[in-house]
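# model the structure of this input:
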Amino acid sequence: MTLSVDESRIWGTLEGGTLEEPLLIDGARNVYAGTASTNAPQALAAIEAIKGYYTVALPVAGSHSTGAAEAAPQGIGYLTMTVGSRGSAKIAGKLADGTSVSLSSKVICFAQQTAVQEGVAESGTESNGTYVVCVPVFKSLRKKGWFGGLLWLRAGETTLIQTDRDLGWYLRWEYAGRKSNGKSKNVKNGADGFEMLLDACGGYFSSLDAIASNYLFSADAPVGVTYTSGSSSGEFVAAAIPVALEVTAASGGLSIPAGVRPTLVDGAYDYSGPNAALVKISGSARTGVFKGAFNVYFDYDRKGKPAHYQSRVQYSGVLVPARAEAFADLPVGMGAYLIRDNTPAFRSYNLKRSFPVVLETPAEPTE
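Model prediction:
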């Protein structure tokens, strides 16, 4: 290990042994814990500029399924973060497979660091004297691998959160997979394993101006998921997947008009009624988090007769009205739903596939 140290920062490399490639070491003094550092007054001023509540969506930047089940989640996880006045960071949320995340971290002020974000001066401060800060995120997920990375903020100028995506740095989520009996201990490359890189799209969240009066709710189709019953199987009904359903925001919450359940007409199910998926939604203007459920239907032939199966799926997500320019075209709300896959080859894994849900703001009417 080689290590360099100055008043506020450490950096170096770790290599050799069982490591295939050298690891980079980078860290900074926790100047918020006291005033011994000459940078403490400036750093404390920086934290005052960024303290508050943040929402962050985690769109997939890259993924690789390491097992035969092709189980890498396609949905979008989210984090919420509260930064305190002494550099504390409380983080909570859900990853795209429904795994809950909850951890505490510290804001690190890189007052002496070479720039890692576009437009940041080499001294580690911007041209107007503001500081570059980051929040380390690392979480062991028990039976679901690990998740970690750095969330960067530029204090004093903006309240946006992102990764160093231009340098190829993202949040990383790795899961080795399970044995077919559901056990994950000492397993390498189990059938449901995956490796993922996640973007960070978000920023400061204020309920005073972040909630629109209405949204449109949509869900991606669960492509590749079938329902199997004995020797029969069926594809999902594409006509019933929610697309651009009107969502109303009122009294600090969200709502969708009641739907009409599909009925059997002349030997086939009719999905033409409004909100045939029976979507339910709830949300909080205070936190920006939304959740709910809807039906995914499967129609198939069983011994010459029409058969119908419905899967009630749960979803959750977060509103991210503040985000970096690179994410300007993404929906204002992003999340994921989970649907069980009972494909016989992987039934013992009890797989739940993950797909995106979004809330979009309606387009402005044209004259």
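# model confidence over the host helix or strand of Tyr215, on average?
For Tyr215, the element it lies in under DSSP states H and E is strand 214-219. Average pLDDT, strand 214-219: 96.
# which residues of this protein score low on pLDDT?
32-43, 110-131, 155-158, 180-189, 209-210, 364-367 (pLDDT under 70).
# ranges for the helices of it?
Counting by DSSP state H, the segments of the chain that form helices are 40-50.
# tell me the domain boundaries of it?
The domain map for the chain lists 2-204, 214-319+331-360, with the assignment taken from automatic domain parsing.
# which one, of these, ends up nearest to Glu325?
Taking CB to CB as the criterion, domain 2-204 is the member of the domains of the chain that comes nearest to Glu325, at 8.9 Å. Backbone N, C-alpha and C define where each C-beta goes, glycine included.
# re the thing from before, make CSV out of the domains of the chain and add mean neighbour count and distance to Glu325.
Formatted as CSV, the domains of the chain follow (neighbours: other CB atoms under 10 Å; distance: least, CB to CB, whole Å):
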stretch, mean neighbour count, distance to Glu325
domain 2-204, 18, 9
domain 214-319+331-360, 18, 15
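# pairing partners for the strand holding Tyr215, with directions?
Listed by DSSP bridges, the sheet partners of strand 214-219 and their directions read strand 245-250 (antiparallel), strand 352-360 (antiparallel).
# can you list these in TSV and add distance to Ser311?
Compiled in TSV, the strands paired with strand 214-219 are given as follows (distance: least, CB to CB, whole Å):
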stretch	distance to Ser311
strand 245-250	18
strand 352-360	10
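# looking at those, which is nearest to Ser140?
When those are compared by CB to CB, strand 352-360 sits nearest Ser140, at 20.2 Å.
# ignoring the adjacent residues along the chain, who's closest to Pro59?
Asp199 (4.7 Å; CB to CB, 6 or more residues apart in numbering).
# residue contacts, that neighbour?
If a contact means CB atoms under 8 Å, 6 or more residues apart in numbering, then Asp199 has 58-61, 162-163, 165, 170-171, 327 as its contacts.
# which of those sit farthest apart?
The farthest-apart pair in those, when distances are taken by CB to CB, is Val60 and Gln162, at 15.2 Å.
# mind listing the residues bridging to Leu319?
Gly333.
# OK, contacts around it?
55, 205, 210-211, 283, 288-290, 332-333, 359.
# in strands, which of those residues appear?
Applying DSSP state E to these, the entries found in strands are 55, 283, 289-290, 333, 359.
# is it possible to export those residues to a markdown table including distance to Arg261?
Converted to a markdown table, the ones in strands among the contacts of Leu319 look like this (distance: CB to CB, whole Å):
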| residue | distance to Arg261 |
| --- | --- |
| Thr55 | 34 |
| Gly283 | 24 |
| Val289 | 28 |
| Phe290 | 23 |
| Gly333 | 26 |
| Leu359 | 24 |
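# closest to Leu245 out of those?
The nearest one, if we look at those relative to Leu245 and count by CB to CB, is Leu359, at 10.0 Å.
# quick check: the closest one touching Val332?
Yes - under the contact definition of CB atoms under 8 Å, Leu359 touches Val332, with a separation of 6.0 Å.
# common neighbours of these two, please.
Overlap of the contact sets of Leu359 and Val332 (by CB under 8 Å, 6+ apart) consists of 215, 319.
# who's Val247 bridged to?
When bridges are called by DSSP bridges, Val247 pairs up with Tyr215.
# residues contacting the most centrally placed residue in the chain?
Taking CA atoms, centre = their mean as the criterion, Gly77 is the residue nearest the geometric centre of the chain, at 2.1 Å. Residues touching Gly77, when contacts are defined by CB under 8 Å, 6+ apart, comprise 57-58, 93-96, 101, 198, 336.
# mind checking which of these are in strands?
Using DSSP E, those in strands are 57-58, 93-94, 101, 198, 336.
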